[in-house]
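*Asks:* Structural data only, the sequence is not supplied:
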Ligand SMILES: Nc1ncnc2c1ncn2[C@@H]1O[C@H](COP(=O)(O)OP(=O)(O)OP(=O)(O)O)[C@@H](O)[C@H]1O
């Protein structure tokens, strides 16, 4: 089955408040969306909704394919060596060759030289790239990336953009919530401000 992601007239309520309503998005294989909006308008919440971690208050979410979410935290065990911390996650999805997938993912984010370093010793930007490597290693067709460029230098942003482009070229889907401009050619633009229910 080729990947797809559809949000239809979705509303989100958190902490007793309606954050946004009337959000629709339809992505097919190779598609991408860029989610923008002011702090607190619900970008992270939208990604969690798409990931199935939050139920929509109204509307529907349908994902055709496995999802991988890059959230604020890297979710990697700080005490483990980077490659081992990634392997723990890669083994969870029961796909073949977890070691190879981790090695390839580390190379894609240019962290192969640091594979044996404990996660706690990585810099902020290196940790962000490690979190991206975790997503890449899942081989999930649908990527949900929350502020993936935070803390990244110019070269690392280029690596991120290349990884997203390659993923889409292979039929993957990318949804990115970001405050930073990112090269995501032909992406659907979703400005949550237009759907925000919170009065400024
Ligand atoms: N677990 C939670 N319970 C209740 N309210 C929450 C929870 N998590 C977030 N919120 C609230 O939901 C609103 C939207 O938060 P969210 O993190 O989705 O916004 P955002 O657009 O991603 O913000 P930012 O740009 O600062 O990352 C905020 O007002 C926040 O306080």
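*Replies:* Cool, got the structure. Just so we're clear, the structure is a prediction, and the values are computed from it rather than from any experiment. Numbering: from 1, shown residues only.

*Asks:* beta partners of the most centrally placed residue in the chain?
*Replies:* Geometric centre of the chain, nearest residue: residue 145, 2.0 Å, by C-alpha atoms, centre = their mean. Beta-bridge pairing for residue 145 (DSSP bridges): residue 70, residue 176.

*Asks:* Quick check: it touching residue 180?
*Replies:* No - in this structure, residue 145 is not within contact of residue 180 by C-beta atoms under 8 Å, at 11.7 Å. Glycine gets a C-beta too; all of them are placed from N, C-alpha and C.

*Asks:* related to what we said a few turns ago, and the residue nearest to the centre of the chain, how far from the ligand?
*Replies:* Residue 145 sits 12 Å away from the ligand, taking C-beta to the nearest ligand atom, to the nearest Å as the criterion.

*Asks:* Let's verify residue 166: helix, strand, or coil?
*Replies:* At residue 166 the chain is in helix, as set by DSSP: H, G, I helix; E, B strand; the rest coil.

*Asks:* Tell me which residues touch the residue nearest to the centre of the chain, please.
*Replies:* By C-beta atoms under 8 Å, 6 or more residues apart in numbering, the residues touching residue 145 are 47, 70, 132, 135, 164, 174-178.

*Asks:* tell me which parts of this protein are close to the ligand?
*Replies:* 14-15, 19, 37, 39-45 (C-beta under 6 Å from any ligand atom).

*Asks:* try 8 Å
*Replies:* 12, 14-17, 19, 37-46, 48, 72, 146-147, 177, 179, 192, 198 (C-beta under 8 Å from any ligand atom).

*Asks:* can you tell me which of those are in strands?
*Replies:* Among these, the ones falling in strands (DSSP state E) are 12, 14, 17, 19, 146, 177.

*Asks:* what about the fifth one, neighbour count?
*Replies:* Neighbour count for residue 146, taken as other C-beta atoms under 10 Å: 22.

*Asks:* you'd agree it is up against residue 69?
*Replies:* Yes - contact between residue 146 and residue 69 holds when scored by C-beta under 8 Å: they sit 7.3 Å apart.

*Asks:* Distance from whichever strand or helix holds residue 131 to the middle of the chain?
*Replies:* Residue 131 is part of helix 124-138 when elements are defined by DSSP states H and E. What separates the centre of helix 124-138 from the centre of its chain is 10 Å, taken as C-alpha atoms, centre = their mean, to the nearest Å.

*Asks:* try stretch 27-42
*Replies:* Stretch 27-42 has its C-alpha centroid displaced from the chain centroid by 10 Å (C-alpha atoms, centre = their mean).

*Asks:* for the host helix or strand of residue 27, which positions count as buried?
*Replies:* Here residue 27 sits within strand 17-28, counting by DSSP H and E. The neighbour-count check on strand 17-28 (16 or more other C-beta atoms under 10 Å) flags 19-21, 23, 25, 27 as buried.
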